[in-house]
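Trainee: Predicted model and sequence follow; I will ask about them next.
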Amino acid sequence: MLYYVNIFYFYALLGFFLELFLKTFVFKSMNSGILYGPWLPVYGFGSVIVILMEKFIFKFKKVPKLVRLLLIFFSLAFSLSVIEYLGGILIEKVFHKTFWNYSEMKFNIGKYASIEMSLVWGLGSLIIIYIINPFIEKFIKKIPVLVTVLVSILFIADFIITFFI
């Protein structure tokens, strides 16, 4: 369980820096998150889902590798797009803000989802599964419990300040 909590924090932090880069160099008007701290929970949740689905659901031993890869790609592209869509609606309902809007994209599905971004999430899932996670997994497993507890306290405080103060 602690492993998945640390995965959540790692990818939430990585998502923050990814969007900071994108906001600085690509999308100047991009809005990067609802919390004050350097984390974007949607990336944390999405990455935990990617890793859980890969570990527990996508263990097709007799399926050819290409078919397995396509299954992972499309199912995670869909799953993460649903999370993004629901997250957009939730942020709009709670904060009365729109943090992203795909209405201008050719294959949008409302404001908060598009086929183009679904393909990005599918590709991102494969990058997490086959490149990033194998590289960081040993490090993540060695994070002391005290560090996880301290980060959790900071995250919860940030959450409380954002939503209740």
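Mentor: All right, it came through fine.

Trainee: which residue is nearest the middle of the protein?
Mentor: residue 43 (2.0 Å; Cα atoms, centre = their mean).

Trainee: looking at it, that residue is touching residue 7, isn't it?
Mentor: No. Residue 43 is beyond contact range of residue 7, at 10.7 Å (criterion: Cβ atoms under 8 Å). C-beta coordinates here come from the backbone N, C-alpha and C atoms, glycine included.

Trainee: any low-confidence regions in the protein?
Mentor: Along the chain, the parts satisfying pLDDT under 70 run over 25-32, 60.

Trainee: now the strands: where do they sit in it?
Mentor: Counting by DSSP state E, the chain yields no residue ranges for strands.

Trainee: List the buried residues for the helix ranked longest in it?
Mentor: For the chain, the helix with the greatest residue count under DSSP state H is helix 65-95. Going by neighbour count (16 or more other Cβ atoms under 10 Å), the buried part of helix 65-95 is 72-73, 76-77, 79-81, 83-85, 87-88, 91.

Trainee: swap in stretch 46-54?
Mentor: Quick answer for stretch 46-54 (16+ other Cβ under 10 Å): 46, 47, 48, 50, 51, 53, 54.

Trainee: do the same with stretch 152-165
Mentor: So for stretch 152-165, counting by 16+ other Cβ under 10 Å, buried means 155, 158.

Trainee: Residues in contact with that stretch: which ones?
Mentor: For stretch 152-165, the external contacting residues (Cβ atoms under 8 Å, 6 or more residues apart in numbering) are 5, 9, 34, 35, 36, 37, 39, 94.

Trainee: Next step: these restricted to helices.
Mentor: Among the contacts of stretch 152-165, the ones falling in helices (DSSP H) are 5, 9, 94.

Trainee: re earlier: for residue 64, state which of the buried residues of helix 65-95 is nearest.
Mentor: Nearest to residue 64 among the buried residues of helix 65-95 is residue 72, at 12.8 Å by Cβ to Cβ.

Trainee: now the nearest residue to the closest one once chain neighbours are set aside: how far from residue 161?
Mentor: Using Cβ to Cβ, 6 or more residues apart in numbering and skipping residues adjacent in sequence, the residue nearest residue 72 is residue 58, 5.3 Å away. Distance, residue 58 to residue 161, using Cβ to Cβ, to the nearest Å: 38 Å.
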